[in-house]
Structure formats: structure tokens, C-alpha cells
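Asker: what's the 3D shape of this:
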Amino acid sequence: MKQWEGVKANGNVTPVFNFIKRIVMFDVAHIAADNLKVNATSMDLAEDDELLHAVDVINAEFHRLMEQNDIPYLQKAFARNAAVDKDGCLYTYYDADAEVAPHVKGTMRTEVLDNTDVFFGNPMDNAVGRQPYILIRSLLPTREVMIRAKNNEVENWEDIKPDNEYMDVVDQAKICDDMTTLLLCLWKNAETGTIWAYECTKDCEVKEAWDLKIADYPIVWLNWDYVKNCYHGTSLVDGILNNQIFVNRAWASSMTSINRTAFPKFAIDGTRIASLDNRVGGVVKVQGDPTNAIKAVDTGHIDPQVAQYLQMAVEETEKCLGATSVALGDTRPDNTSAIIALQRAASTPLELTKQNLRKAIEDLFRIYLDFMSVYYGKREVTVGMPEKAMQAYQFAGMEAPKLTRQLFDFDTLRQHSYRVKLDVGETGIYSESNTITTLNNLFQMGAINAVQLLRRMPKGHIPDVEGLIQELEMASQMAPAAAPEEEQTVDEMAVPNTGGGYGALQRKLNEGV
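Answerer: Residues are numbered from 1 along each chain as shown. As a prediction, the model looks like this:
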């Protein structure tokens, strides 16, 4: 951040102790989890095999879109914009020319937009769904806009001109030639009940109005904190800018004082010393007795309370925003339980913003689901092997593939209602180790079996965990039924044999490994 931009320093130092950036990075990293997982569940009470298969297809497509659009990264940029600029915005469109798989084209693209480029028709309301229209402004090369208009068979496409205001900016980094502002207008048609769009510049139409065929605006909007009767919110840094300015100014004054007064000044008798040599080991020529010819004058000292107040200002600001020394990792983790408790207490102020971010990501995947039902049509999808097919392979004594490609008609998604559920993993330092310890304890107690343990293990700790689970399940199905006198209790089956003998489950675990 250019915190001294526009300030006349008159040659003085301009230090920047940017603690705001540290707070913003911490808060964004805390609320934006890396291990996102989105699940679609059906709201239809009469669930059948066809409906359950549709849910599996949707979830598989959600997983692909998650990887394709790099949603974990986008949500961090999305949340950071909200923390710094008050609002975050995600815009989704359908790219019909994108190749998804061999002979399969068309997918959704999601971009992060600046809040200054999005204009709501009703600026008194921050709800996207209630807007009469939404304008999106983008700055593109003039040639690209002209080609787009020509491809859309616009007659006067040659009338598109560059915007001169972008050629006269003060900041050299922002100077750009031959750039044109493109406006995209979105509104909901009362007759069709769908979203329509229109593109133009100030001089020319680029694309005439067309029907997007989706029910909701393809926009996700997030306020870091709400402002009543305004679609813009407040940012994380709004309330602490004055604190940053105070710290920078105090450090600048302290540094200037140190530069001017840190070293002693010398007072000399000009009638006895012609010049002063400050070099180490230098010789000074003195006429007469040198006793009183030169004297070092003590300079002023900075009050030590200045440094204390500066440190207190930074610490109190971080504490008010939940970025305490414990949360930031500046405390030695001597007591793990206490550290976890303090981290959770410090993160409490961010819970509302965290929930709002999760809801925004859920809204994004609802938009994906809307686009799927309209544009995908019939296409091949990669899904997990159905359970009945797995049983058939096992009965035939063949190894079943984990994935299979099937033809699915996405138009059928309009016939059912689906609820999108978002599962977000925790990002705490000790969450994975605690999870593993808890699972091992449950396994030793006999509360869960080996398959349940492996399914809930954090990813990356066990190689080919799916193959191991499949082998255990096949072994349990093919094992002969035990005689009544040899029946074992649940605890005996669930707990591995730690003595000299071999338990049934222990043998299976060793075979899987």
C-alpha cells in the first residue's frame, strides 16, 4: 500500500510499518478454507435410483468445476477484496467454446470483479436477487471490442473508439492506449422469468439483448460488514487507517530525531582550531592549549515511552480485530489445549464473516447448477461405479473400475429441486492431528471399524486409501460366515489383536497394507 502517497516529506524519512496487511492476510486466511467440498442433496422426498444417480452426477460435476475454476484461490481473492475494498464480487458466465473432454464443449467460467465495476439498480439494497438490473463495467482493448461487435453482426462496429480519459491519468502505471469501456447490463424479464443481457459501449451496440435462460443473476456479492440501506459495505481496514497513520508518523518523527541527534555535536574555538577532522584517528591542529579548544555537546534523547505507545497501538489494534499474538503464532505452544482455546476465542469476531463467505460459495454453486440444467443437455460424465455394478463385478470375480463414463441428460435437473450443501474443512494448526488421534481412539474403543476409520482419515496420510477400503470391503463380503460357537463380539472384531495371536481384522489390515 502506498501509505505516504501525496504527502510532502521535505526530505524526511517515510517509513511504513504495515501491520494492516498482516491483519488482513490473517483474517482472510482464517475465513477462507483450502479444503472446500460442495455436496448437492435432493429435496424430493420420493427418492429413487434415478434421482440418486442425478445427485452423484451433480456432485461429480461440482468437483470438476471446483478444480477447473480453482475455487479455493478465487474465494481468497474474493474475501480479500471484501476486506480491503468493502465488497467482493464473483461473476459467472457460460463459455460454449471451452473443451471439457473429447467431443464435449461448454463449461462455466468464474471471475473476480472489483466492486467499483459493478453497479446495482437499487443502491439501497445489497441483495442481488432483488435488483431491477445490474451493470458490469469492463475495460478491454478497443480491437477486441470491435471484433466482438463484428462477430455479432453489428453494422456500425467501426464506430467503436478508445476512451480518451484512460490516456490522461497521472499515474504512469495506469496509462493505457486504445482501451474501450464495455458495459454489460443484466435484468430479469418479467414475462420469461429469466435473466437477459445486453452489451454496448458509449458509441455502439456490441451485442443485442439475449436471454441467458437462467433464473438468477450470475453474480455473487459479499460485504465484509453490512451498511444499512447501502449495497456497499464497510471494509476491515476502514476503522484502523488512522491507527496506521499514527504509527507511521510516530516512527517517521523518531527516525528523523535519531538521524539528527543520535551522535554528539562538537563545539570548537574557532580562533584556535581552523577545521575539525572527524575521521577515526584524525589529527586536529590547535593553536595554544587544547584543553578548552573543543568540547562534545550532549544531544537530546527520545522518551522511551514513545516506543511503548507504538507497540501498544499495534497490539491493541490487532487484538480488536482478532489477530492476537496467540492467533498469529507469536506465542510458544507449550500448552496445546490452551493455544487451541485461545485461537478459537480470538476467531469468534470473524465467525459472521466466515458464515457469509460460505453462503456466498453456496450461491456460486447454485448458479453452476442453474447453468448445467440450461446449457449442458446430453453429455458424457465421469462418475463413480454404481453399487449394483460393483456387486456384479464382485459376483463375477472381477476387479471393478472405480470410475465410469455415462451419458446423462442434464435437462432432467429442472424436474427436481436440489439443495446445495457446503462442507468446509477447518484450517486450525492442530485440527489434523486431533482428527487422527480421535479416530484412532474410537477405533481402539471399537466404536468404528477399519473402513470407517479410513474413510474419515485426512487426505494424504495413507496412500491409495480408496484401494485399501475396497480390498477390506471385498474381503469382508467374501469371508465365510462364522460358526455359532466361533462367533466374535463387535469389540473383538473391531479391535486389532495386540497380543501374540492374529485377530480377523488384524489379518485383513495386514493383507491390505
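Asker: helix/strand/coil for Leu442?
Answerer: Recorded secondary structure, Leu442: helix (DSSP: H, G, I helix; E, B strand; the rest coil).
Asker: and if you look at Phe17?
Answerer: Applying three-state DSSP: Phe17 is coil.
Asker: Could you tell me how far it is located from Leu310?
Answerer: Distance from Phe17 to Leu310, counting by Cβ to Cβ, to the nearest Å: 8 Å. For glycine as for every other residue, the C-beta is placed from the backbone atoms N, C-alpha and C.
Asker: what do those two both touch?
Answerer: Listed as contacting both Phe17 and Leu310 by Cβ atoms under 8 Å, 6 or more residues apart in numbering are 247, 251.
Asker: can you pull the buried residues of the strand ranked longest in the chain?
Answerer: Secondary structure assigned by DSSP state E gives strand 87-101 as the longest strand of the chain. Along strand 87-101, these residues count as buried under the neighbour rule (16 or more other Cβ atoms under 10 Å): 87-92, 94, 100.
Asker: Going through these, which one is the model least confident about?
Answerer: Least confident entry in the buried residues of strand 87-101, by pLDDT: Val100, with 84.
Asker: Break this structure into its domains for me.
Answerer: Following automatic domain parsing, one gets these domains for the chain: 32-131+217-235+347-428, 133-213, 267-298, 430-513.
Asker: Deepest-packed of those, please.
Answerer: domain 32-131+217-235+347-428 (a mean of 16; mean count of other Cβ atoms under 10 Å).
Asker: Would you mind listing the buried residues in the strand or helix carrying Met25?
Answerer: In this assignment (DSSP states H and E), Met25 forms part of helix 19-31. Going by neighbour count (16+ other Cβ under 10 Å), the buried part of helix 19-31 is 19-20, 23-24, 26-28, 30-31.
Asker: and stretch 97-107, how far from the chain's centre?
Answerer: The chain centre lies 27 Å from the centre of stretch 97-107; the measure is Cα atoms, centre = their mean, to the nearest Å.
Asker: Pull the residues that contact it.
Answerer: By Cβ under 8 Å, 6+ apart, stretch 97-107 touches 64-65, 68, 94-96, 109, 375-376, 379-380.
Asker: Using PDB, list the CA coordinates for it.
Answerer: The C-alpha trace of stretch 97-107 is given here as PDB (Å, rounded to 0.1, in the frame of the first residue of the first chain):
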ATOM      1  CA  ASP A  97     -16.300 -23.000 -26.900                       C
ATOM      2  CA  ALA A  98     -14.300 -24.300 -23.900                       C
ATOM      3  CA  GLU A  99     -13.300 -28.000 -24.400                       C
ATOM      4  CA  VAL A 100     -14.100 -30.000 -21.300                       C
ATOM      5  CA  ALA A 101     -13.400 -33.500 -22.600                       C
ATOM      6  CA  PRO A 102     -13.100 -35.200 -26.000                       C
ATOM      7  CA  HIS A 103     -16.100 -34.200 -28.100                       C
ATOM      8  CA  VAL A 104     -17.600 -32.300 -25.100                       C
ATOM      9  CA  LYS A 105     -17.600 -28.500 -25.100                       C
ATOM     10  CA  GLY A 106     -19.100 -25.900 -22.800                       C
ATOM     11  CA  THR A 107     -18.400 -25.000 -19.200                       C
END
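Asker: residue farthest from the centroid of the chain?
Answerer: Within the chain, the residue lying farthest from the chain centre (Cα atoms, centre = their mean) is Gly288, at 76.7 Å.
Asker: show me what contacts the nearest residue to that residue once chain neighbours are set aside?
Answerer: Leaving aside its sequence neighbours, Gly288 sits nearest to Arg272 (Cβ to Cβ, 6 or more residues apart in numbering; 5.6 Å). Contact analysis of Arg272 by Cβ under 8 Å, 6+ apart lists 286-288, 290, 293.
Asker: 7 Å - rerun?
Answerer: 286-288, 293 (Cβ atoms under 7 Å, 6 or more residues apart in numbering).
Asker: which one among those gets closest to Asp163?
Answerer: Taking Cβ to Cβ as the measure, Asp163 lies nearest Ala293 of the contacts of Arg272, at 71.9 Å.
Asker: Distance check, Gly239 against Asp85.
Answerer: Taken as Cβ to Cβ, the span from Gly239 to Asp85 is 15 Å.
Asker: go on, Lys188?
Answerer: For Lys188 relative to Asp85 (Cβ to Cβ), the value is 27 Å.
Asker: again, but for Thr271
Answerer: Taken as Cβ to Cβ, the span from Thr271 to Asp85 is 66 Å.
Asker: what does Lys150 give?
Answerer: 35 Å.
Asker: Repeat that for Ile195.
Answerer: From Ile195 to Asp85 the distance is 25 Å (Cβ to Cβ).
Asker: same question, Met66
Answerer: 25 Å.
Asker: Let me know which of the domains of the chain is the nearest to Val314.
Answerer: domain 32-131+217-235+347-428 (17.8 Å).
Asker: neighbouring contacts of the helix or strand where Phe246 lies?
Answerer: When elements are assigned from DSSP H and E, Phe246 belongs to helix 241-261. If you take Cβ under 7 Å, 6+ apart as the criterion, helix 241-261 is touched by 3, 12-17, 20, 299-300, 302, 306, 310, 313-314, 317.
Asker: The contacts of stretch 97-107 into CSV, with extra columns for distance to Leu468?
Answerer: CSV is the format used below for these (distance: Cβ to Cβ, whole Å):
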residue, distance to Leu468
Arg64, 25
Leu65, 29
Gln68, 29
Tyr94, 40
Asp95, 39
Ala96, 42
Arg109, 37
Tyr375, 39
Tyr376, 35
Arg379, 33
Glu380, 29
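Asker: farthest-separated two in the residues you listed?
Answerer: Longest span within those, Cβ to Cβ: Arg109 and Glu380, 20.8 Å.
Asker: Hmm, Asn441 and Leu453 touching each other?
Answerer: No. Taking contacts as Cβ atoms under 7 Å, Leu453 lies outside contact range of Asn441: 10.6 Å.
Asker: isn't there a helix covering Glu199?
Answerer: No. Assigned with three-state DSSP, Glu199 falls outside any helix and is strand.
Asker: hmm, back to that, what is the helix holding Met25 packed up against?
Answerer: helix 71-85, helix 305-320, helix 351-371 (3 or more Cβ pairs under 7 Å, 6 or more residues apart in numbering; DSSP states H and E).
Asker: For the closest residue to Val227 other than its chain neighbours, give its distance to Ala82.
Answerer: Leaving out its chain neighbours, the residue that sits closest to Val227 by Cβ to Cβ, 6+ apart is Gly233, at 5.3 Å. Distance from Gly233 to Ala82, counting by Cβ to Cβ: 7 Å.
Asker: Quick check: neighbours shared by the two?
Answerer: In contact with both Gly233 and Ala82: 223-224, using Cβ under 7 Å, 6+ apart.
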